[in-house]
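Novice: I'd like to go over a predicted model; first the sequence, then the structure.
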Amino acid sequence: MDFPITELMDEQACYDKLVGWLHPDGLACPRCHGADTSYVHRHDRAPILGYRCRACRRVYNAFTGTALQGTKRRPVALLLILRGFARGESTARLARELECDRLELLKFRHKLQGLAYRFRDLDPLEDADVEADEAYQNAGEKRRAASRPGGSAPAAGEQASRTRDVCQRPAAGLRRGRPR
């Protein structure tokens, strides 16, 4: 039995989440950047509304000028795709779950990965001075004790017994595992 997850999610909530990610300062006209000069022009793809700017007469929606421009997918499907990409799920699996073309989804994944690489943070530490413990992710962590087969670790001040090198010949009486 199949449970279509896209029908169980709230379309408006997914749209609001995408708009919040794409336009953290609020939705504005991509041409003149007027935020209060727009009105709803079309609602044929609700909840994705088409707006018209009163100042420059440009028609746009929340995806205009972003990585999602031109997409025909519903906000629920877009959110599930982005979630799958962030989790590292395979494109083939996502395509099967969302019942879409794998190659189209792969192109979309490559587009988003290219943009993420292009706009990556080149200075993640935000400092001119870097301390050694900031530069290394695991600095200061204690490791578990190394396993020592055949005995415990030598106590402080004791010398460890020498291990036999693999290339050394065995003792005289122990050739090929048979005693003489």
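Specialist: Yep, that arrived.

Novice: Could you report the separation of residue 118 from residue 111?
Specialist: 11 Å (C-beta to C-beta, to the nearest Å). Yep, even glycine has a C-beta here, placed from its N, CA and C like the rest.

Novice: so what does the longest strand along the chain touch, helix or strand wise?
Specialist: Criterion DSSP state E: the longest strand present in the chain is strand 38-45. Taking 3 or more C-beta pairs under 8 Å, 6 or more residues apart in numbering; DSSP states H and E as contact, the helices and strands that strand 38-45 lies on are strand 48-53.

Novice: same question for the strand it packs on, mean pLDDT?
Specialist: Across strand 48-53, the average pLDDT comes to 85.

Novice: who has more neighbours, residue 118 and residue 111?
Specialist: Set residue 118 next to residue 111 and count neighbours by other C-beta atoms under 10 Å: residue 111 wins out with 12 against 7.

Novice: Please list the outside residues in contact with the strand or helix carrying the more buried one.
Specialist: Assigned by DSSP states H and E, residue 111 belongs to helix 102-118. With C-beta atoms under 8 Å, 6 or more residues apart in numbering as the test, helix 102-118 has contacts from 67, 71, 81-82, 85, 91-92, 94-95, 98.

Novice: Show the average pLDDT along it.
Specialist: Rounded mean pLDDT across helix 102-118 is 89.

Novice: on contacts alone, who are the packing partners of the host helix or strand of residue 94?
Specialist: Using DSSP H and E, residue 94 maps to helix 91-98. In terms of contacts (3+ C-beta pairs under 8 Å, 6+ apart), helix 91-98 is packed against helix 75-87, helix 102-118.
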